[in-house]
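K.L.:
predicted model follows, preceded by the sequence.
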Amino acid sequence: MTRRQYEGSMSTLCAGCGHDSVTASIIEACWGLSMRPEQLVKLSGIGCSSKTTAYFVSGSHGFNAVHGRMPSIASGANAANRSLTYVGVSGDGDSLSIGIGQLVHAIRRNVNMLYLIENNGVYGLTKGQFSASADIGTKAKRGDVNSSPPIDPVLLALTLGATFVARSFSGDKAQLVPLIQAGLRHNGFALIDVLSPCVTFNDHEGSTKSYTFTREHYHAAVETDFVPRAEEIAVDYAQGESIPVSLHDGSRVILRKLDPTYDPTDRSAAYNYIENKLKQNEYVTGLIHIDETDSTEFHNLNRTAAVPLNSIPYEKLSPGRAALDKLMGRYR
Amino acid sequence: MPSVIANANRVNDFVVKFANVNGTGSASANALVMKAIFRMGVPVTGKNYFPSNIQGLPTWYEIRVTRDGYAARAAQVDIMVAMNAETYSRDVRELVSGGYLIYDSTWPRSSLLQRGDITVIEVPLAKLVNENFDGVRNRILLKNIAYAGVLAALIDVDLDVISGLLTESYGKKPKLLESNTKALRLGYDYVKTNLTSPLPLRVEHMDKTRGHIMIDGNTAAGLGCVYAGATVGAWYPITPSTSLMDAFKGFCERYRVDAQTGERNFAILQAEDELAAIGMVLGASWNGARAFTPTSGPGISLMNEFVGLAYYSEVPCVIFDVQRVGPSTGMPTRTQQSDILICAYASHGDTRHVLLFPANPEECFYMAVQAFDLAERLQTPIFVLSDLDIGMNDWMCPDLKWDDAYRPDRGKILSAEELAGLDKFYRYVDRDDDAITYRTLPGVSPKGAYFTRGSGHNQYGAYTEDSAEYQVVLDRLKRKFANAPKYLPKPVMIGKGNSEVGIVSLGSCDGAIREALDVLGRQKIDVDYLRVKAFPFNNDVEVFLKSHATIFVVEQNRDAQLKSLLTLETAVEKSKLNSILSYSGFPMSADPIVNGIRAKLAEAPRLSAVPR
């Protein structure tokens, strides 16, 4: 298949929206994996980010759920057919406010899926209210200053024991594509928090999620090849490089590559590292944590049959008449 | 009001009520007595009136011995086994005049003798048990078995039958069998030695339970899900629906686990809440598995948003609503039929849903299977509206039967081959002109790919904000709903069909109504009775409403929800409909139906039923 065949319908998002870049990375990642479109299932909630599942791999089924409830649809779909690849696309409003309960429990259940949060700190479709990921002190387009602390999906996922936690930037395709590929191939819940600036409502002076200047910086990023093994990924990321995302007021968010001493298999070390860097206004990006021992993946724990549940012939599911006749004895 | 025990033959026709403290193990002793009577061939019902509590609060169990095989609760108590000192006074009050009160006289209570019109039977149960057994917990448990022995002697339950049941329960645990048997004999022998037995209210062997079982509706529904081929169950624990998933799980562990590999042909997801439970069901059903969720009123409230999505995007799903007393948290361990309207119109916007109304556990089994067929045929949510009385109490039902020729109706699902033969696949185009469109499953073919959404969509499955395109889909959904009755179970009519007076009802009111019809019949009042088994209503409902001048709508809620639904969804004149309502939280008995109909007919004699 050609790369174009992995595209979807035309995006209706604002010109220059970070989400469209994420979409492009997903297309690139699927093409790179030679994914069979019918083997991919696209899921989303409600919001700008959730619209994007229509914009890639048109040969895949898509399910646009209700607001914040995509993880439950994904959990059920995955229970029914464990053989497909599931990608969920959500936003910071969808995942960290209305849907945080479902996100948390999908992580806890370790549903085998890639879960992308296109994180821009604002509600776009309702015109620019702060989301739960907005930083303290960040300024809205009309001047309001946010005073509530942000919820960081990466720290959240680490706390919950997620087995694949990554952060990237919509503009850093070289970094994002292999992360998506690794996430799609991870057996278990893979979360990628993608900083994806909103050009319309959060791209102004005073915003800590502004998008300006970033393109030139992501161009400078190190390209990482997709490698499914945790330790190999760790080796590839041992550059210690950082990408500053500059804001209009002169403040900066630093997007960093993981440094050479960083061990993405050590969850508590990863947590401390990320938290320390956040205090310095630096967003650590890359594959932050990976645990490829997939013993806690939902179907492993459930001991689900290898054959997808939706494909087991009825004859194998019904105990039949003789069993029922026998069972009646229990109720006499 | 308690009525005097008639001198008529009360063999195999009386009510025993047990007053217990919950968490003391009384349930198994009470069930033992009930099952023994059933094994003697005598029809019986068991109703559990329990608190929303784990330990220490009053709980009651009522056994109706009913040679006529009535399924309803009788509104009187003939024998009270009063084992809870805290509720003595009300338990004594509840007894019918001429009734019998059995209590533990280890600590005599003179106040129990205040009623001169009952017989108090004193048995020093605690003393007997303490003299014979050690251990606090053990004594509490065995005292229950001892009172079962007392009752067995008093009402002449066949001791061999009870012993047989104990052997079945404890056959592999000889010590337990020995202590239980000893406790049973303690009570039994005490009566035989010290008291006059049996009472005039007693049990005699019959042959009216052959080919029948005692089963609760949740167990039957869970079993139905297994036979329907359901593979995914998602739920959030809520009384009184929890035992449905427990049953499904138990049956799956028995029938769906590969003996060699231990692989399981099912997945049960205990969700974080009902919002997620229904989402999981939608995800699984959309992906081609048969999936369901059991819940109760509060869960239905939470599921509303997703139900609307399922309706509009046409995703099959099966929801069991084991109704309990509302509003809000209400009384979780009491029964009601108060979710009819919320289920019929669940979710915002123009939505209407298919409802099934099982009347007993037997129908829970068959309707569970039917619900999955309907969900996939109609590609819409199907609500099975059971209730706590059906779901959690043991009912006598004919043996459940199965036809091995059954195959699930998966509805219109296109295979890869069928897709290959199509120019292009469109999800919501009405190709067959029956308002039901074709769906495809993920993983089959890129040609079948489409986008499922709750936002406005046209018949091609694409997003739209165009009025005409939107209305094409919405109008088809309306047609689909209007056509639904042809797939749904028809109402049941009882009666000659020529009376001016009719009853319309649903679900667990059935037993009380059938009994009321007998009572009224003996008073020369003939009434026709139509039990609706599904919504939207079949044309038979319309015809019945039209052909009866006075109609009583019998239901278990305050606001006459079935009556509302009838006035909204049929052409019936509202003034023809009279409500008979029971919303106490206890299962309905025949009395309010008999009294309600008699009162109305007395008030308008020209409307009287066909004289005989």
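P.N.:
Sure thing, it's come through.
K.L.:
B:Ser575: neighbour count?
P.N.:
7 (other C-beta atoms under 10 Å in any protein chain shown). C-beta: built from backbone N, CA, C; applies to glycine.
K.L.:
same question for the one 4 residues further on.
P.N.:
Counted with other C-beta under 10 Å, residues neighbouring B:Ser579 total 18.
K.L.:
you'd agree it is in a strand?
P.N.:
Yes - looking at B:Ser579 with DSSP: H, G, I helix; E, B strand; the rest coil, it is inside a strand.
K.L.:
and it, what does it touch?
P.N.:
B:552-553, B:555, B:560, B:563 (C-beta atoms under 8 Å, 6 or more residues apart in numbering or on different chains).
K.L.:
from those, which land in helices?
P.N.:
Members of the contacts of B:Ser579 lying in helices (criterion: DSSP state H): B:Lys563.
K.L.:
which of the contacts of B:Ser579 has the most neighbours?
P.N.:
Neighbour-wise, the contacts of B:Ser579 (other C-beta under 10 Å) top out at B:Glu555, 28 neighbours.
K.L.:
which residue packs closest to that residue, ignoring adjacent ones?
P.N.:
B:Leu562 (4.5 Å; C-beta to C-beta, 6 or more residues apart in numbering or on different chains).
K.L.:
and the stretch 101-250 of chain A, which residues reach chain B?
P.N.:
A:101-102, A:104-105, A:109 (C-beta under 8 Å from any C-beta of the partner chain).
K.L.:
from the contacts of B:Ser579, which single one is nearest A:Asn300?
P.N.:
B:Glu555 (47.7 Å; C-beta to C-beta).
K.L.:
is the closest one bridged to anything, and to what?
P.N.:
Using DSSP bridges, the bridge partners assigned to B:Glu555 are B:Leu581.
K.L.:
residues in contact with it?
P.N.:
B:337, B:340, B:505-506, B:509, B:561-563, B:579-582.
K.L.:
output the set of residues of the stretch 1-150 of chain B in proximity to chain A.
P.N.:
B:38-39.
K.L.:
any chance of CSV for the residues of the stretch 101-250 of chain A next to chain B, columns secondary structure and pLDDT?
P.N.:
Below are these laid out as CSV (DSSP: H, G, I helix; E, B strand; the rest coil; pLDDT from 0 to 100):
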residue, secondary structure, pLDDT
A:Gly101, helix, 97
A:Gln102, helix, 98
A:Val104, helix, 98
A:His105, helix, 98
A:Arg109, helix, 96
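K.L.:
pick the one among these closest to B:Thr242.
P.N.:
A:His105 (19.0 Å).
K.L.:
output the below-cut-off pLDDT ranges for chain A.
P.N.:
For chain A, the stretches with pLDDT under 70 are A:211-262, A:294.
K.L.:
tell me which residue is most central in it.
P.N.:
Nearest residue to the geometric centre of chain A (C-alpha atoms, centre = their mean): A:Leu116, 1.8 Å.
K.L.:
buried residues in the helix or strand where that one lies?
P.N.:
A:Leu116 belongs to strand A:113-119 when assigned by DSSP states H and E. For strand A:113-119, burial by neighbour count (16 or more other C-beta atoms under 10 Å in any protein chain shown) applies to A:113-119.
K.L.:
swap in stretch B:140-150?
P.N.:
Buried residues in stretch B:140-150 (16+ other C-beta under 10 Å): B:140-150.
K.L.:
report the next helix or strand after whichever strand or helix holds B:Glu253 in sequence order.
P.N.:
Using DSSP H and E, B:Glu253 sits in helix B:242-255. Once helix B:242-255 ends, the next helix or strand along the chain (criterion: DSSP H and E) is strand B:267-270.
K.L.:
tell me the buried residues in that following strand?
P.N.:
B:267-270.
K.L.:
can you tell me which of the residues you listed is nearest chain A?
P.N.:
Minimum distance to chain A across these is 4.3 Å, recorded for B:Ala267 (C-beta to the nearest C-beta).
K.L.:
tell me what the closest one is bridged to.
P.N.:
B:Val232.
K.L.:
so what's it up against?
P.N.:
A:79-80, A:298-299, A:302, A:304, A:309, B:231-233.
K.L.:
repeat that for A:Lys173.
P.N.:
A:21, A:24-25, A:28, A:218.
K.L.:
and what of A:Ala323?
P.N.:
B:Tyr255.
K.L.:
if we can go back for a sec, farthest-apart pair in the buried residues of strand B:267-270, please.
P.N.:
Greatest spacing in those, by C-beta to C-beta: B:Ala267 and B:Gln270 (10.9 Å).
K.L.:
so chain B: which segments form each domain?
P.N.:
Using automatic domain parsing, the domain parsing of chain B gives B:13-194, B:215-398, B:416-476, B:492-607.
K.L.:
now do the end-to-end distance for the third one.
P.N.:
This stretch, domain B:416-476, spans 26 Å end to end (C-alpha to C-alpha, to the nearest Å).
K.L.:
ditto for stretch A:165-176
P.N.:
Stretch A:165-176: ends 13 Å apart by C-alpha to C-alpha.
K.L.:
and what of stretch A:126-146?
P.N.:
End-to-end for stretch A:126-146, by C-alpha to C-alpha: 17 Å.
K.L.:
circling back: turn the domains of chain B into TSV, including mean pLDDT.
P.N.:
TSV is the format used below for the domains of chain B (pLDDT from 0 to 100):
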stretch	mean pLDDT
domain B:13-194	94
domain B:215-398	98
domain B:416-476	97
domain B:492-607	95
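K.L.:
and these, which is most packed in?
P.N.:
domain B:215-398 (a mean of 24; mean count of other C-beta atoms under 10 Å in any protein chain shown).
K.L.:
the stretch 501-612 of chain B: strands as residue ranges?
P.N.:
Using DSSP state E, counting those that start in this stretch, the strands found in the stretch 501-612 of chain B span residues B:501-506, B:528-532, B:534-535, B:550-555, B:577-581.
K.L.:
try chain A
P.N.:
Applying DSSP state E to chain A gives strands spanning A:40-44, A:61-64, A:85-91, A:113-119, A:122-123, A:129-130, A:164-169, A:189-195, A:242-246, A:252-256, A:282-284, A:286-290.
K.L.:
export the ones you listed to TSV and append columns for distance to B:Gly135.
P.N.:
Shown next, in TSV, are the strands of chain A (distance: least, C-beta to C-beta, whole Å):
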stretch	distance to B:Gly135
strand A:40-44	56
strand A:61-64	57
strand A:85-91	54
strand A:113-119	52
strand A:122-123	63
strand A:129-130	63
strand A:164-169	53
strand A:189-195	49
strand A:242-246	70
strand A:252-256	66
strand A:282-284	61
strand A:286-290	52
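K.L.:
mind checking which of those strands is nearest B:Ser163?
P.N.:
strand A:189-195 (55.1 Å).
K.L.:
and B:Pro316, how far is that from B:Tyr460?
P.N.:
Going from B:Pro316 to B:Tyr460 by C-beta to C-beta, to the nearest Å gives 21 Å.
K.L.:
now do B:Asp466
P.N.:
Applying C-beta to C-beta to B:Asp466 and B:Tyr460 gives a distance of 12 Å.
K.L.:
what of B:Gly308?
P.N.:
From B:Gly308 over to B:Tyr460 (counting by C-beta to C-beta), the distance is 21 Å.
K.L.:
related to what we said a few turns ago, possible to save the domains of chain B as JSON lines with distance to A:Ala322?
P.N.:
Shown next, in JSON lines, are these (distance: least, C-beta to C-beta, whole Å):
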{"stretch": "domain B:13-194", "distance to A:Ala322": "22"}
{"stretch": "domain B:215-398", "distance to A:Ala322": "12"}
{"stretch": "domain B:416-476", "distance to A:Ala322": "31"}
{"stretch": "domain B:492-607", "distance to A:Ala322": "29"}
